[in-house]
Every structure is written in C-alpha cells, then in structure tokens.
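Undergrad: got a structure for you, letters missing:
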C-alpha cells in the first residue's frame with residue numbers, strides 16, 4: 001500500500017493516462033460533551049480541538065495540487081473542509097453522497113457501560129451485523145461513496161481532490177476497494193479523526209490506496225485507531241456506529 005505523500009498527481013509521460021489523487025478525509029473532533037450518537041443530526045459542530053485538526057490538515061495539503069474540495073452537508077464536515085478550500089482559493093462544494101451512514105440509534109447514547117446492549121427494545125436492531133440491521137446497508141454506502149469518488153476524480157482529473165466525510169462510509173468504501181469483507185470489528189477501523197485515505201487513479205482505475213494522519217498528535221489517545229473504547233470518554237461518538 002502506498003503512502004499519499006508518495007502519490008503525485010499529473011499527467012504521466014510517454015502517453016500514459018492521467019494520474020489523479022482523491023483524498024477522503026474524516027472530519028475533526030466534534031463538540032459532544034453528552035456523548036450522543038449524533039449521526040445525521042444537524043447542529044453538531046467542531047470543537048476547538050477539531051478546528052485545530054482542520055487547520056493542521058489544510059497546512060499539510062497546502063503544497064499539494066488540489067483543484068477540488070467537497071464535503072458532506074453536515075456541519076462538522078463543512079467546517080473541516082473550509083480551511084482546505086480557503087488555502088487553495090477554491091469554493092467549497094457539497095455532495096450529499098458523502099454524508100454519515102444512517103443509524104437507528106441516532107440521537108441516543110450508545111457507548112461502553114451504558115447498558116444499551118442489555119435493553120430488549122434494542123435487540124431487534126442488533127440481529128444482523130453483516131448488513132447491518134441497525135442502519136444503512138454497507139452495500140448502499142459503497143454505491144454512493146464510489147459515486148462521490150468518481151465525480152471528484154472527474155472534477156480534478158490530472159490533479160488532486162479532497163472530500164470530507166465520516167468514519168464508517170470512508171472505511172467501508174476503502175474495504176470494498178481493497179477487496180475486504182464489509183462487515184468488520186469497528187475497533188479496528190483505520191480511520192482516525194482528520195485522517196486522509198487517499199485513492200490514486202491512473203485514468204479511471206484505482207491503482208493504490210494510501211493512508212496518513214497529519215494531525216495524529218492532536219487526536220486524544222482513546223480516539224485513535226485501535227484504541228479500546230472507554231467508559232465516560234464520549235464513546236457514542238461512533239466507534240461502533242460511525243462518526
């Protein structure tokens with residue numbers, strides 16, 4: 001797997017096809033003191049730390065050949081993408097296909113130690129982790145995210161694009177591209193806050209996927225990829241159900 005730092009967009013020599021890089025970025029930390037699974041709910045904005053994450057990634061990408069910046073319509077994604085678009089003198093576009101995955105537990109707390117798994121009214125939503133039964137089917141997420149990637153590739157052909165989205169849709173489309181099963185242990189997603197999952201296209205074909213964490217030093221340890229969920233740490237932010 002190549003690193004996005006080693007991926008250079010542009011037109012390859014000797015008549016080769018254009019090289020285009022589309023970066024899928026997860027938004028920064030969200031202000032969510034009550035640990036609500038906010039899903040697609042409006043009104044959830046970046047925290048002060050989340051804004052610092054967004055600025056850090058904007059600085060990281062400032063020397064890149066970015067010609068298109070687009071975000072999910074949710075506030076946290078828009079606020080993450082804004083400094084990146086500004087750094088490149090671009091208007092920020094919005095694509096509804098980049099939105100968070102739909103979830104029946106939206107608006108509730110659903111974290112470690114809160115007893116949610118023991119409540120009989122929740123059991124019917126937990127019967128099928130392969131689809132999954134608690135929200136938007138994984139295959140539907142693949143379809144819309146691949147559509148968003150393809151549209152960005154066309155807009156930035158021969159250059160680079162940045163799309164700001166959410167953990168679960170990013171991980172699912174990466175798993176599809178890398179030919180992994182879509183159902184998974186959510187604790188093992190490699191998609192930390194403000195991370196970049198970068199798809200390099202040769203012409204219309206994805207030839208590599210890279211991953212980087214430009215703001216990892218700003219990410220609290222309990223929110224990093226592979227960290228064990230902790231009681232009282234806002235776990236409903238989405239380790240199990242996306243964010």
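TA: Cool, the structure landed. Everything numeric here is computed off the predicted structure, so don't read it as measured data.

Undergrad: Show the backbone phi and psi for residue 197.
TA: Reported as degrees, to the nearest 10, the phi and psi values for residue 197 are phi -110, psi 110.

Undergrad: show me what contacts the residue nearest to it when sequence neighbours are not counted?
TA: Of all residues not flanking residue 197 in the chain, residue 24 sits nearest, at 4.5 Å (Cβ to Cβ, 6 or more residues apart in numbering). The C-beta positions use only the backbone N, C-alpha and C, and glycine is treated the same way. By Cβ atoms under 8 Å, 6 or more residues apart in numbering, residue 24 lies in contact with 145, 149, 163, 165, 170, 173, 174, 196, 197, 198, 199.

Undergrad: quick one: secondary structure of residue 24?
TA: Taken by DSSP: H, G, I helix; E, B strand; the rest coil, the conformation at residue 24 corresponds to strand.

Undergrad: Bridging across strands, which residues link to it?
TA: residue 163, residue 197 (DSSP bridges).

Undergrad: I'd say residue 164 and residue 81 touch.
TA: Yes - between residue 164 and residue 81 a contact is recorded at 4.1 Å, counting by Cβ atoms under 8 Å.

Undergrad: so what sits against both of these two?
TA: With Cβ under 8 Å, 6+ apart, residue 164 and residue 81 have common neighbours 25, 69, 70, 71.

Undergrad: Include secondary structure, neighbour count and pLDDT when you put those into TSV, please.
TA: Listed next are the shared contacts of residue 164 and residue 81 as TSV, based on DSSP: H, G, I helix; E, B strand; the rest coil; neighbours: other Cβ atoms under 10 Å; pLDDT from 0 to 100:
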residue	secondary structure	neighbour count	pLDDT
25	strand	28	98
69	strand	29	98
70	strand	26	98
71	strand	27	98
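
Undergrad: Let's have the residues you listed in TSV, adding distance to residue 85.
TA: Output for the shared contacts of residue 164 and residue 81, formatted as TSV (distance: Cβ to Cβ, whole Å):
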residue	distance to residue 85
25	12
69	4
70	9
71	9
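
Undergrad: for the chain, what spans make up the strands?
TA: 10-11, 18-26, 66-71, 92-94, 160-165, 196-202, 205-212 (DSSP state E).

Undergrad: Of those strands, which is nearest residue 179?
TA: Among those, the nearest to residue 179 by Cβ to Cβ is strand 205-212 (10.9 Å).

Undergrad: Return the list of helices and strands in contact with the closest one.
TA: helix 167-177, strand 196-202 (3 or more Cβ pairs under 8 Å, 6 or more residues apart in numbering; DSSP states H and E).

Undergrad: Model confidence score at the closest residue to residue 224 other than its chain neighbours, please.
TA: Computed as Cβ to Cβ, 6+ apart, the closest residue to residue 224 that is not its neighbour in sequence is residue 192, at 5.4 Å. Looking at residue 192, its pLDDT stands at 96.
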